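A.B. asks: Predicted model and sequence below, questions to follow.
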Amino acid sequence: MSKTQRDEGLEKIKRIFYTNITYGCNSNCVFCYSHNTKHIKDTYNEVSRKSLVEYWNRMCVTKSDRIIINGGEPLLHTEFKDILAATQKYGCEVLIYTNGRLLSTLDTSILISNYRFVVPIHGHEELHDNITRVRGSYQEMIEGVNRLASSKALVDLKVIINNQMAIHREDYLKTLDSLCQLPDINAVHITKMADTILSQRNQCPSVTPEMSSRCTKGLFDYFKNKCVVKLFDTCIREIVSDNSIIVINELGQEIKVFFKDAQHEFALNLEKPYLRCMDTCKYKDICQSAVGEYTVLEVNDNSFSIGLE
Ligand code: SF4
């Protein structure tokens, strides 16, 4: 196959290189997605920069691909800055999923506009700290987001609707108040707390689509004229029923996700998860689940499209 044929083939595919660079974390979220993570405030089971660069080179990463750096808490990795720097030669977008607590210690002069940091917020200060189980984590996260907002990197906030916010109006309103303190951001992601091995172990109540629907609409109304809104794994029924909307699928590409950590390398099998509400819901085709397919319902200036988180 010639280089041109290979490049044309790659353009039809959006490749996402997802890596957990450490399994250590300085928070201890009640529903942590990664049950392999040790909440030891230090790095653990790191993948080295050398091994990542060898992998990205072997996979011929190009500027149309995406690299995702996750953990644990990636900023705990002993080579975090060097890993970020190593991604530059591929020219692709780089997403960093971080709890935001160490962002204020990061040298922002190393940041470029290809980097997009995705930082979760679990509600107002007390609620956020209850979810992370670390007092002061909210203030550290806000400080980090403010610092990042004045750098060249992009900042996305991920509002994760939890049971408390969905049920108690007072917590929801206090959360909206706390969102007012945030600086201008690139985008907001609205999603709900997932049921995980740890949430079940911690007897954390589920947030059902029905429960998330009202909060999702309220948050959407708050953010829709402020920044891009990305909706996934939450109920969009109240948003789309309010609007005579047309949803454009801008992706036009097959998505392939490749996972790597210190021990493993494999391609993920992407599937839309089945929800019981889909049996009767007329919006099921535009309702996105990033957990299953890495896609989102994106809203920008009142136009709706299918995009990526
Ligand atoms: S399928 Fe319909 S009811 Fe179910 S979560 Fe999606 S929008 Fe809500």
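C.D. replies: Perfect, I can see it now.
A.B. asks: CA atoms for contacts and neighbours, from now on please.
C.D. replies: OK.
A.B. asks: The stretch 151-300 of the chain: strands as residue ranges?
C.D. replies: Counting by DSSP state E, counting those that start in this stretch, the stretch 151-300 of the chain has strands at residues 154-161, 187-192, 228-231, 247-249, 254-260, 265-267, 295-300.
A.B. asks: averaging pLDDT over each of those strands, which comes out lowest?
C.D. replies: When the strands of the stretch 151-300 of the chain are compared on mean pLDDT, strand 247-249 scores lowest, with a mean of 81.
A.B. asks: quick one: that strand near the ligand?
C.D. replies: No. Contact between strand 247-249 and the ligand is absent, the nearest approach being 13.6 Å (criterion: Cα under 6 Å from any ligand atom).
A.B. asks: And the residue of the stretch 101-250 of the chain that's closest to the ligand?
C.D. replies: Residue of the stretch 101-250 of the chain nearest the ligand, by Cα to the nearest ligand atom: residue 235 (3.7 Å).
A.B. asks: Looks like that residue contacts residue 209 (just checking).
C.D. replies: Yes. At 5.0 Å, residue 235 and residue 209 qualify as touching, with contact defined as Cα atoms under 8 Å.
A.B. asks: which residues in the chain form helices?
C.D. replies: Secondary structure of the chain (DSSP state H): helices at 3-11, 49-58, 80-87, 125-132, 137-149, 163-167, 169-179, 197-201, 209-223, 237-240, 290-293.
A.B. asks: distance between the longest one and the chain's centre?
C.D. replies: Going by Cα atoms, centre = their mean, to the nearest Å, the spacing between the C-alpha centre of helix 209-223 and its chain's C-alpha centre is 18 Å.
A.B. asks: what does stretch 262-273 give?
C.D. replies: That offset, for stretch 262-273, works out to 17 Å (Cα atoms, centre = their mean).
A.B. asks: who's in contact with that stretch?
C.D. replies: The contact list for stretch 262-273, computed with Cα atoms under 8 Å, 6 or more residues apart in numbering, reads 21, 45-48, 256-260, 289, 292-293.
A.B. asks: do that again at 7 Å, thanks
C.D. replies: Stretch 262-273 is contacted from outside by 45-47, 257-260, 289, 292-293, using Cα atoms under 7 Å, 6 or more residues apart in numbering.
A.B. asks: returning to what we had before: could I get the strands of the stretch 151-300 of the chain as a markdown table with mean neighbour count?
C.D. replies: Formatted as a markdown table, the strands of the stretch 151-300 of the chain follow (neighbours: other Cα atoms under 10 Å):
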| stretch | mean neighbour count |
| --- | --- |
| strand 154-161 | 23 |
| strand 187-192 | 26 |
| strand 228-231 | 26 |
| strand 247-249 | 14 |
| strand 254-260 | 16 |
| strand 265-267 | 12 |
| strand 295-300 | 22 |
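A.B. asks: Could you list the contact residues of this structure toward the ligand?
C.D. replies: With Cα under 6 Å from any ligand atom as the criterion, the chain meets the ligand at residues 209, 234-237, 277-278, 281, 283-284, 287.
A.B. asks: As JSON lines, the helices of the chain with mean neighbour count would be great.
C.D. replies: Converted to JSON lines, the helices of the chain look like this (neighbours: other Cα under 10 Å):
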{"stretch": "helix 3-11", "mean neighbour count": "11"}
{"stretch": "helix 49-58", "mean neighbour count": "14"}
{"stretch": "helix 80-87", "mean neighbour count": "16"}
{"stretch": "helix 125-132", "mean neighbour count": "20"}
{"stretch": "helix 137-149", "mean neighbour count": "20"}
{"stretch": "helix 163-167", "mean neighbour count": "18"}
{"stretch": "helix 169-179", "mean neighbour count": "16"}
{"stretch": "helix 197-201", "mean neighbour count": "14"}
{"stretch": "helix 209-223", "mean neighbour count": "19"}
{"stretch": "helix 237-240", "mean neighbour count": "17"}
{"stretch": "helix 290-293", "mean neighbour count": "18"}
